[in-house]
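# 3D model of this:
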Amino acid sequence: MSISKVKVLVTQQLSPALLSQIAAVDPRVELVYAFDAFRHDFLKAGGRPVEETPEILARQQKYEDDLGSAEVAFVFGVPPNLQARGRSLKWVMLASAGFDHARPSGILDGTVNVTNAPGVAAIPISERVMEMMLSLAKQTPLLFQQKQEKAWRRVPAIELYGATVGLISLGHIGTEVAKRAKPFGMRVIATRRTAAAGETAPNVDQIFPLTQLRDLIAESDFVVLCLPLTKESKGLLGEAELRAMKKSAYLINVARAEIVDDDALQQALREGWFAGAGLDVFPKEPLPPESPYWELPNVLVSPHIAGQSPRTDGRMVALFCTNLRRYLYGQPLENVINTQRGY
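Modelled structure (predicted):
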């Protein structure tokens with residue numbers, strides 16, 4: 001007795017072991033791996049030069065056919081114009097928590113179910129936050145510079161012990177940061193959009209509603225942005241919020257650059273409204289050579305790599321396999337994104 005196959009197109013770069021894990025979910029899975037074809041497609045759509053031998057053209061035609069006939073797609077970078085090209089798609093999983101990069105493809109505007117991968121990068125991102133806090137507290141960049149200069153100069157440092165870290169959002173990333181900050185003896189406070197009076201959470205000393213954002217900022221020695229980019233969060237931190245920070249405090253952004261007014265942030269860092277910043281995200285990426293962030297001595301620049309880890313792919317595939325089983329057995333999908341809410 002034959003079984004009805006479900007074509008699953010994977011354009012995310014994955015190891016053979018992880019691909020085998022997907023294929024083993026159910027005998028109905030017809031797995032098509034097309035990372036090379038996707039990359040060619042993506043570069044060409046972006047105006048980049050690509051090779052087009054007869055073999056490559058044949059591969060790209062098969063990829064186009066697979067896009068049109070796949071029922072499920074697992075993607076990171078989203079194929080251009082996916083809504084129109086993916087004629088048979090019923091479900092797309094984005095191998096990321098954010099989905100603003102998917103909007104140009106049109107896939108968020110149709111009837112296709114789109115899910116994301118919340119929390120898969122929360123551990124490496126939270127570790128990057130701790131690294132930034134320690135580097136800023138101990139003036140590691142200045143020490144490295146002095147090493148290059150062979151200069152023996154003592155520099156002042158502060159302790160994380162007893163310092164207050166203010167987490168703007170207590171989602172997956174904020175929760176992991178709190179879990180790591182507590183053993184350092186830090187006081188952890190956080191905002192939660194729907195916080196109720198007296199609400200508590202593990203490793204968190206106090207939860208503020210978002211209406212008390214400036215109160216949290218004013219109390220924090222480290223202000224950490226952990227929230228998704230939504231209509232409500234865009235520009236959440238403007239001049240008034242940045243001026244509310246302690247003179248000795250640091251801002252760490254591992255979320256999205258658009259959450260902070262960039263002109264106000266640059267002015268704040270130049271004029272010393274607060275001590276400095278650790279930034280993993282920027283309004284324009286790659287960060288252009290003329291950006292003042294390269295030259296500002298009180299800024300750590302990280303090239304949007306906070307979420308990178310060799311273990312992240314495994315977590316994403318585990319989420320995908322769980323949802324793929326649910327899909328195949330007609331159960332509701334988990335992590336379906338809400339385009340109105342923004343996550």
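
# list the contacts of the closest residue to residue 221 other than its chain neighbours.
What sits nearest to residue 221 in space, not counting adjacent residues and going by C-beta to C-beta, 6 or more residues apart in numbering, is residue 163, at 4.1 Å. Heads up, the C-betas are built off the backbone N, CA and C, glycines and all. Listed by C-beta atoms under 8 Å, 6 or more residues apart in numbering, the contact set of residue 163 reads 137, 186, 187, 221, 222.

# could you do residue 335 as well?
115, 116, 117, 118, 319, 323.

# show the backbone phi and psi for residue 23.
Per-residue torsions, residue 23: phi -60, psi -30 (degrees, to the nearest 10).

# is it true that it touches residue 31?
Yes: checked against C-beta atoms under 8 Å, the pair residue 23 and residue 31 is within contact range at 4.6 Å.

# circling back: out of the contacts of residue 163, what pair is the most spread apart?
Spatial extent of the contacts of residue 163 (C-beta to C-beta) is set by the pair 137 and 187 at 14.6 Å.

# tell me how the chain divides into domains.
The chain breaks down by automatic domain parsing into domains covering 6-120+309-328, 122-301.

# okay if I get the ones you listed as JSON lines plus mean pLDDT and distance to residue 336?
Converted to JSON lines, those look like this (pLDDT from 0 to 100; distance: least, C-beta to C-beta, whole Å):
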{"stretch": "domain 6-120+309-328", "mean pLDDT": "95", "distance to residue 336": "5"}
{"stretch": "domain 122-301", "mean pLDDT": "96", "distance to residue 336": "15"}
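
# helix, strand or coil for the nearest residue to residue 321 once chain neighbours are set aside?
Distances taken as C-beta to C-beta, 6+ apart put residue 25 closest to residue 321, at 5.2 Å, once the chain neighbours are dropped. Following DSSP: H, G, I helix; E, B strand; the rest coil, residue 25 is assigned to coil.

# so what's residue 25 up against?
By C-beta under 8 Å, 6+ apart, the contact list for residue 25 reads 321, 324, 325, 328.

# just checking, the last one touches residue 22?
No: with contact defined as C-beta under 8 Å, residue 328 and residue 22 do not form a contacting pair (11.9 Å).

# quick one: common contacting residues for these two?
With C-beta under 8 Å, 6+ apart as the test, residue 328 and residue 22 both reach residue 29.

# these two: which is more packed in?
Comparing residue 328 with residue 22 by neighbour count (other C-beta atoms under 10 Å), the higher total belongs to residue 22, at 20 against 16.

# hmm, back to that, scan the contacts of residue 25 and report the most crowded one.
Counting neighbours by other C-beta under 10 Å, the top entry in those is residue 324, with 23 neighbours.

# quick one: contacts for that one?
The contact partners of residue 324, by C-beta under 8 Å, 6+ apart, come to 8, 22, 25, 26, 29, 72.

# please redo it, this time with the cut-off set to 7 Å
Each residue near residue 324 by C-beta atoms under 7 Å, 6 or more residues apart in numbering is listed here: residue 25.

# state the distance from it to residue 87.
Distance, residue 324 to residue 87, by C-beta to C-beta, to the nearest Å: 20 Å.

# just residue 211 next, same as before
Per C-beta to C-beta, residue 211 is found 46 Å from residue 87.

# just residue 47 next, same as before
Between residue 47 and residue 87 the computed distance is 26 Å (C-beta to C-beta).

# ok, the two, which is more surrounded?
residue 87 (10 against 6).

# in this structure the more buried one contacts residue 68, no?
Yes: using C-beta atoms under 7 Å, residue 87 is in contact with residue 68, at 4.9 Å.

# quick one on the thing from earlier: just the contacts of residue 163: which are in strands?
When the contacts of residue 163 are checked against strands (DSSP state E), the matches are 187, 222.

# which of the contacts of residue 163 tops the neighbour count?
In terms of neighbours by other C-beta under 10 Å, these top out with residue 222 at 26 neighbours.

# quick check: closest non-adjacent residue to it.
In space, residue 222 is closest to residue 165, 4.5 Å off (C-beta to C-beta, 6+ apart).

# that neighbour in helix, strand or coil?
strand.

# state the pLDDT value of residue 343.
Per-residue pLDDT puts residue 343 at 63.

# about what we covered before: separation between the residue nearest to residue 321 and residue 94?
In this view, residue 25 and residue 94 are 19 Å apart by C-beta to C-beta.

# pretty sure residue 336 contacts residue 116?
No: using C-beta under 7 Å, residue 336 is not in contact with residue 116; the gap is 8.6 Å.

# more neighbours, those two?
Between residue 336 and residue 116, residue 116 has the larger neighbour count (other C-beta under 10 Å), namely 22 against 12.

# give the contact list for the nearest residue to that one once chain neighbours are set aside.
Once flanking residues are discounted, residue 116 sits nearest to residue 94: 4.8 Å by C-beta to C-beta, 6+ apart. Residue 94 makes contacts with 75, 102, 114, 116, 117, as judged by C-beta under 7 Å, 6+ apart.

# for residue 235, state which of those is nearest.
The closest of those to residue 235 turns out to be residue 102 (C-beta to C-beta; 21.6 Å).

# how much space between the residue nearest to the closest one when sequence neighbours are not counted and residue 93?
Distances taken as C-beta to C-beta, 6+ apart place residue 78 nearest to residue 102, at 4.7 Å, with adjacent residues excluded. To residue 93, residue 78 is 11 Å away according to C-beta to C-beta.
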